[in-house]
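Participant: 3D model of this:
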Amino acid sequence: MEPATGALVGAAALAAGAYLNAKLAISTDIRNLRTDRAWEDRLQSRIKEFGDNCSLYHIFNRVDPTAEFLWFEGKSWTYGEIKSG
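Facilitator: Take a look at the predicted model:
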């Protein structure tokens, strides 16, 4: 195979790959799979930290009380406000 032919085949393969990625969103799917896997690993780690007491109450206790929790009709509430209310 001549060098020019190899370069042409390489360019065509790259163009085909770019087209398929744009058409089928392959890179987005791969990124989402990696994100999902990382989230699952973090979740399993948190569950191990809580041990036998993995209740919603204990999960909320670990959250920053000043972080926003809920937004509704232009108003927002923090975790601390939800817990005390």
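
Participant: Asp64 reaches Tyr79, doesn't it?
Facilitator: Yes. With contacts counted by C-beta atoms under 8 Å, Asp64 reaches Tyr79, the gap being 6.8 Å. (Glycine included, C-beta is placed from N, CA and C.)

Participant: which of these two has more residues huddled nearby?
Facilitator: Shown here are Asp64 and Tyr79; by other C-beta atoms under 10 Å, Tyr79 has more neighbours (18 against 9).

Participant: ok, the more buried one - contacts?
Facilitator: Going by C-beta atoms under 8 Å, 6 or more residues apart in numbering, Tyr79 touches Phe60, Val63, Asp64, Pro65, Thr66, Ala67, Phe69.

Participant: who's in contact with the second one?
Facilitator: Going back to what we said before, that points to Val63. Neighbours of Val63 in contact, by C-beta under 8 Å, 6+ apart: Tyr79.

Participant: give the buried residues for the helix or strand bottoming out on mean pLDDT in the chain.
Facilitator: Lowest mean confidence among the helices and strands of the chain (mean pLDDT, DSSP states H and E): helix 56-61, at a mean of 78. For helix 56-61, a neighbour-count test (16 or more other C-beta atoms under 10 Å) marks nothing as buried.

Participant: state the mean pLDDT of the helix or strand where Ile30 lies.
Facilitator: Assessed by DSSP states H and E, Ile30 sits inside helix 26-50. For helix 26-50, the mean pLDDT works out to 87.

Participant: report all helices and strands that that helix contacts.
Facilitator: helix 56-61 (3 or more C-beta pairs under 8 Å, 6 or more residues apart in numbering; DSSP states H and E).

Participant: how does it look with 10 Å?
Facilitator: helix 3-24, helix 56-61 (3 or more C-beta pairs under 10 Å, 6 or more residues apart in numbering; DSSP states H and E).

Participant: list of residues touching stretch 20-37?
Facilitator: Gly17 (C-beta atoms under 10 Å, 6 or more residues apart in numbering).
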